[in-house]
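>>> sequence and computational prediction follow.
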Amino acid sequence: MFNFLKGLFKENPIFVLALGLCPTLAVSTQVVNAIGMGAGVIFVLIGSNIMVSLLKNFIPDEVHIPAYIVIIASFVTIVDMLMQAFVPALSASLGVFVKLIVVNCIILGRAEAYASKNSVKDSIVDALGMGIGFTIGLLVISLVREVLGSGTITLFPMGNFDGVIEIPGLVDAPVRIFSLSPGALLAMGFLMAGFNWLKSKKKED
Amino acid sequence: MSKFKTFPKGGVHPPDNISGTGNRPIRNASLPTHAVIPMSQHIGAPAECIVNVGDTIEEEQLIGKSTGYVSVPVHSSIPGKVVEIKEIYLPHGKKSQAVVIELGGEFKRMGKPQKQSDWTGLSEKEIIERISSMGLAGQGGATFPTHVKLVLPEGKKCDYLLVNAAECEPYLTSDQNMILEKAEEILEGLKILKKLLSPREIIFAIESNKPEAAGVMAAAVEKSDLDVRIDILKTKYPQGAEKNIIKSCTGKEVPSGKLPLDIGMVVLNVETVYSVYEALVFEKPLVERVVTVSGGAVKAPETFRVKIGTTYRQLLEECEGLIEEPAKVISGGPMMGFGVFDLDTPVTKGTSGILFLTKKEVKAAKQTSCISCGRCIQACPMGLNPSDINKHSLNFLFEEAQDMGLLDCVECGSCAYVCPAHIPLVQSFRMGKNQLRAIMMQKKGAK
Amino acid sequence: MSYIGIIITYVFISNMILSQFLGLCPFIGVSKDSDSAVGMGFAVTFVMSMASLVTWIIYHGILVPLNLEFLQTIAFILVIASLVQLVEMAVQKFSPALYKALGIYLPLITTNCAVMGIALINVREEYNILESFTAGFAGGIGFLLAIFLMSAIRVKLDKENVPRFLKGTPIAFVSGGLMALAFMAFDRALLANLIG
Amino acid sequence: MLDLILRTLYGFISVAFLGSALGFGLAIAAKKLRVEKDKTVEALMGHLPGLNCGSCGYAGCEPYAEALSSGSDSDITKCKPGGAACLEGIGQVLEREVDTSGPRMVAQVHCRGGEGTAETRYRYKGLKDCNAASILFGGDKSCQYGCLGLGSCMQVCPADAIDYDEQGLVWVDKNKCIGCEKCIAVCPTGVIKMIPEDADVIVACNSKDKGKDTKANCSVGCIGCQICAKKFPDAGYKITDNLSIVGYNDRGPGRADAAEKCPTGSIIVLDEK
Amino acid sequence: MNNKLMQMTLRLAIICAVASLVLGVVNIVTEPVIVERKRAEKEVALKELSDGDHVGELQLPANSDELHGKLSAALAAHGVIAPGEDFNEKELITSIYPVDRNGEVFKYILQLDGSGYGGTMVILAVFLKDGTFVKAKLMENNETPGLGKKAEEAAYYNMFLNTGSDAAPLPVSKRALSPADGEAVSGSTITFNGISRALALGSDYVKLLGGKN
Amino acid sequence: MIDTKKLTVSSSPQIHSADSTAKIMWTVVLSLVPAGIWGVYIFGMSALVVILVSIIAAVAAEALLGLINKEVTVNDGSAFLTGLLVGYNMPPQVPLFIPVVASLFAIVVVKWSFGGLGANWMNPALAGRVFVFFSWTGPMTKWLLPITGGADAVTGPTPLGSLKSAYFATSLNVSGPIEYLQSEGLPVTYKDLFIGNIPGSIGEVSALLLLLGALVLVARKILTWHVPVAYIGSFAFLIWMFGGVRMGTGLFSGDVLFHILSGGLMLGALYMATDMATTPLTAKGNIIFGIGCGFLSFLIRIFGSLPEAVSLSIIVMNIFVPVIDRYTKIKRFGYGEVKEKSGE
């Protein structure tokens, strides 16, 4: 349980470890992208953690990095192909960043630091914790960016609901910068500062 | 374009405020009832006290003996009895042992006919010894032992002997008034030094805002057989700083970390030259000096000839007291002088002035953060970047600050004077230098 | 697009970091002082140029003829990882001085999105082999430029009184954001008008 | 469908080939280009706290580890922040006997003189830095031994353990203190001293002046009146240089009572947090 | 030792092989889906633009000098390009879809590449045989939000409506617009210029095709 | 006679020049006032409201952050100046939330995040302006025609804005910008440009009054000549050389006067690019900085898609300032040459 929770807050991959930042910032223009990306990362993370943990004795030490990377890349490719086939819109808006999950430091990092030394069960818990922590971070950033930058919250269309919640007032004149690259970096900086502040609050309690 | 000579880079123009005390006769201050004579009135090892409480002292008696090469002896300025030996603070903020002498007994020299002795027969070594034993230290403020300055290193020749009468500090008029009264004596002192150093050229450097003194000196040179070049320098602070005055007069730069001697220069304060004259002609040790007492808070500012050991409190009384509560009491000039809080601080060999400044004169304002205006860089006569050195120093990056030239800083205060954010840059540099010294000591210890 | 166009594009207009978010981790992590930033920049430039070249050969030499585009990711990352490791080992063996300067950054490059990113972009933009190499090189130079400027800013900020919670990584992000804001001055239209 | 399967087959072959070629190449390269890394340094680094605080006298943890590993430094107790665990770890790696008994030492400010209690000599205007202030006659406080209160120690503290307390005086949070002694090195008056983490009382004064002078300078300074030492002879108080010093290895009865009897209140009972 | 080396290589090879095998299998499942989806997408767009009429596909004619010359002359006459300016229509017109009713082509859908603020804008535009603009749809664009995003809305193209024939030339500069339309494009001159030039090219090209199937 | 406890003791120097940060800031504010009054005169009261709202937002933000930091910095005038400059960079009838956001962004993000006055490395007012420009491009590019005396407000393009479309027109038969604008039905003379009888941002239109204000600053030694001269000089040179290319009149035919007097160049070169905190420290560095600004302004104005180049050019050059500072050290006294230390 502790292993699971630490990924959420204490070792949050985005705000504390500052890992996997490229996709975080690039795809966080819409909430739906963040969810999609998060799901992809969780899938790859769990898959690769399981495989690495299973094969930890099979993989020779000298070539463990290429071996891990092959495993990760396979899962990434699977995610990529599945997304292209079944959720094309998401695939289009995530673009090249689905493929770039492969170089997301979190995944290789967890494989190296955790899965290669622990049991399959623990590795799954670790992957879930980290993956969900990553997704939460992504969600927070994308929420800030989409609400401020477009004045909307884009989710999945369901029934009559077209998937887009419009924030009155903001939607007509959103702070467009937040949907562009400078806004992403600025939002990230201030969210991190806020996270630091929260952490110090928690410490004092 | 000014017709006067000057150094090319840096410098500031504070109001000189010399009209109150300048071009007026030097008054003899009354004798102190108690003289407080510190053992450390110079740069280098303090003198060793050789008297005890209860001893009776004659005028000009040796009371502190030199403890090394870079050290000078201390003499009593008045006859009397030693009543106390105590630790006191000197204006630069460090402690020193001091002998307190209660006035009493007979004066050997004061009020008596002066006996002149002939110095021309003395050898160079004897002259140096005399200067050393008479306790001479630079009277411009830095108090570097004079005899050390006058010994040329092996194989070096003295190109220029430079008499520094720039007196660039505002308010101070001691040198100026001294020249008006003692021009011929100063020239005699120069003759002694010429014999000692045989320089290629003697330069007398004075700022353009003291034309009367320059005129008197020129007239004296005209009459004398000594060949002295008189350089009128642009009125700009810190024209009187050693390295800058060399640059102004000769165009030469003293390399970083070197002394003027290394490039064949000897620079002496005009009052020191006079003391050389007294030491050799009258065998008189350095027991009195000229002090400007001035500032907006003082009722009657004046230039005094003062016995060393006289307290600031007494000198203030000589000036008929205050007209306004001062914000700061300063030992020395306002740019490089030290603020003091104790009026019982004595005049020492290096005290060129005592200033009682009003709040209006000080112009203190709230310190704000650095806005990178770059004025300090323009003002620095040493070509440093004070703002950046300060930031390093405040962040405990002293060794980096050293790379940026912290040790080249002469603490002239130009940067802090112009700083619109009122950042005490000089304090930062002094602290940095102290810390750097500690780090170096530690490193030496580790090895 | 001409080679000059490619260079301007990847150095200024589509700067790897400031507009594409590729290679952010080392950009934030290794920009604390200028020496390591420049070291990292050169290491990335070298690896990006080499990787562009090698992945182009793999893609157009093996994957396309065999209709194996779907294996692109796995093949590219394999090649890049091996390349980085080989370079690291070679440098360590043959030039210890260079290894001391660059070596510690080389392992970081394996997971540098910028290297993988440029390989994928080369495919997307259908560059030929020389164009790919140019793009890789220019991308690296863009990275070098951004990280060098960033490090100079961070060295300055080290001595300023940055609010406590913003110290370190957060303020680096804010600085990066302001840099990106300024780099919006360089857009495609500017390039188009300049070189047609 | 057939071409899809055929492609799968091609892929199978080519990637396997690629993988084996690269794997082979890397393996060969790893063998040919092998550079031995110092395992001892790595092991030591695992035990050192990685704060790079410099209290060991080296630029950071790694140089210290290297020095230990190469034998150029044989003192394994130099890492203060690491504490007992680190010492044990280093001892294990280097196969050395270590003594980890004795409490952890933390820094504390031995002065409670502030506005209203301690006299000043002049108005200070200048940098908010103790070393800078001490250039000017040792600071504005009449007492030469006290805390100047400008917070240089706070600035150097790597653990954020020093701050102003409710009374506006500098105080060390012993729970945060890592014992690196950086504050002690930076303090110009020497008012910060190391005490055991479990210290029960502290004489919060550093004045070695005579009682009369101390009294004139500060109302909460230790005047060396000897009450604590005389009334509670077993409590471990000893007067040296007009200042009461607490012995922490010698905790006899009456330690807390002495605090109550202290006429100036300079003995403070530290609550057990 | 060699044995260990071989083993290591083999193991990595096995991992790679298994991975690629798995990927191959996934690919077998997904690829047909992807291909089908892409085709359907374009079909929907074409259908929408053709209002239900039959859409064919036309091979782009080889870049003949004659055609190019005629096009250049027409474009220069309309002020789209400067006389003598060089351009390559094959790079700008990527697909031609004739729309016919009962076998007779009466309008064309052209896929055009316009150059905009943030790069290429892909436009599907419908023209009558005489070059009159009917409607258009922006397929892909990288326009900066706020500067050129308006071009995504169908209403944006109203200002070109019923222009393009010889009688009513397509507006290629803001000067040619009515004040109201001019107001609408304020701030996005580049997007406007890119789109209007692409449309003008399409219009002139369609005239040259003259109802070919 | 003297209460020695009340004597101030501080390190040398014991006296100080009469200048202070606050004095500098307020002097700059005063020197900018005439240009603002002119802007209000020709664009009407809405311009005044925009300026006031900008200032109030900036000052309020500074005061609030001062409360949090327990350090009052409002009265040093820097926040007021930032707010004023933000207001000057706004179109006269912009919706009021825009200057508020610009001011807040300037003070909170660009200045306070880095540690307040002097610690910021980018010009706050300009960063604020660029931030809102890209966020709300539409309202930020809507201009008022000068009304000079109470007629109804009419919108119209700025001279630079309409010139931009000339670059995309394929065949122009005009000799330069002035003639082009006349053919477009927007007659503008050099005199209009100089006095400020043109549409534009509130504070930028009157080159004359900005120049006069700057002269006051030069006389007060707050402004040095390096940045403005290097900036305008290099810009003018490049415009003269290449400015005509896109008008189809060839090399060495650019209309220098038109480009210098139009847009925000004067305001930028005299007041924004000379902001002390975000420009290099040395004279040499300032000249490099100015040339960089001039080059970028020319590049973006003639070849870029954005009508206004000045603010972006300056903030791009702000990024380079720490690097420029590192490589433009002055010669130290007593050294043969400047000794470069690597790294620090």
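Now that the structure is in, tell me what you want to look at.
>>> what residues are up against E:Ser196?
E:Phe160, E:Leu170, E:Pro171, E:Val172, E:Ser173 (C-beta atoms under 8 Å, 6 or more residues apart in numbering or on different chains). (Each C-beta comes from the backbone N, C-alpha and C, glycine too.)
>>> closest one to D:Cys225 out of the residues you listed, please.
Nearest to D:Cys225 out of the contacts of E:Ser196 is E:Ser173 (C-beta to C-beta; 97.4 Å).
>>> which stretches of the stretch 101-250 of chain F form strands?
Per DSSP state E, counting those that start in this stretch, the stretch 101-250 of chain F carries no strands over any range.
>>> show me what from it comes close to chain B.
Counting by C-beta under 8 Å from any C-beta of the partner chain, the stretch 101-250 of chain F comes close to chain B at F:Gly115, F:Gly116, F:Leu117, F:Gly118, F:Ala119.
>>> ok, and the closest non-adjacent residue to the last one?
Nearest-residue entry for F:Ala119: C:Glu160, 3.8 Å, with adjacent residues in sequence omitted and distances by C-beta to C-beta, 6 or more residues apart in numbering or on different chains.
>>> what's the neighbour count on E:Ser72?
By the criterion of other C-beta atoms under 10 Å in any protein chain shown, E:Ser72 has 19 neighbours.
>>> ramachandran coordinates for it?
When read as degrees, to the nearest 10, the backbone of E:Ser72 gives phi -60, psi -40.
>>> give me the pLDDT value at the one residue in the stretch 101-250 of chain D that gets nearest to chain C.
Per C-beta to the nearest C-beta, D:Asp160 is where the stretch 101-250 of chain D lies closest to chain C, at 8.9 Å. With respect to pLDDT, D:Asp160 scores 83.
>>> so how far is D:Lys176 from it?
Taken as C-beta to C-beta, to the nearest Å, the spacing of D:Asp160 relative to D:Lys176 amounts to 6 Å.
>>> one more: B:Thr235?
Distance from B:Thr235 to D:Lys176, by C-beta to C-beta: 56 Å.
>>> which of the two has more residues huddled nearby?
Remark: of B:Thr235 and D:Lys176, B:Thr235 carries more neighbours, 18 against 14, as counted by other C-beta under 10 Å.
>>> now that one. Nearest residue, chain neighbours left out?
B:Asn209 (4.4 Å).
>>> count of residues packed around the closest residue to chain F within chain A?
Taking C-beta to the nearest C-beta, chain F has its nearest neighbour within chain A at A:Arg176, 4.3 Å off. Using other C-beta under 10 Å, A:Arg176 has 24 other residues around it.
>>> how about the nearest residue to it, chain neighbours excluded?
That would be F:Ser135: by C-beta to C-beta, 6+ apart, it lies 4.3 Å from A:Arg176.
>>> would you confirm that the residue of chain A closest to chain F contacts F:Gly138?
No: under the criterion of C-beta atoms under 8 Å, A:Arg176 makes no contact with F:Gly138, lying 10.1 Å away.
>>> now stretch A:180-190: how far from the chain's centre is it?
Taking C-alpha atoms, centre = their mean, to the nearest Å, one finds stretch A:180-190 lying 16 Å from the centre of the chain it belongs to.
>>> stretch D:172-185 near chain B at all?
No: Stretch D:172-185 is not in contact with chain B by C-beta under 8 Å from any C-beta; minimum separation 8.9 Å.
>>> now stretch B:55-64: buried residues?
For stretch B:55-64, the neighbour count (16 or more other C-beta atoms under 10 Å in any protein chain shown) marks B:Ile57, B:Glu59, B:Glu60, B:Gln61, B:Leu62, B:Ile63, B:Gly64 as buried.
>>> nice, that's everything, thank you.
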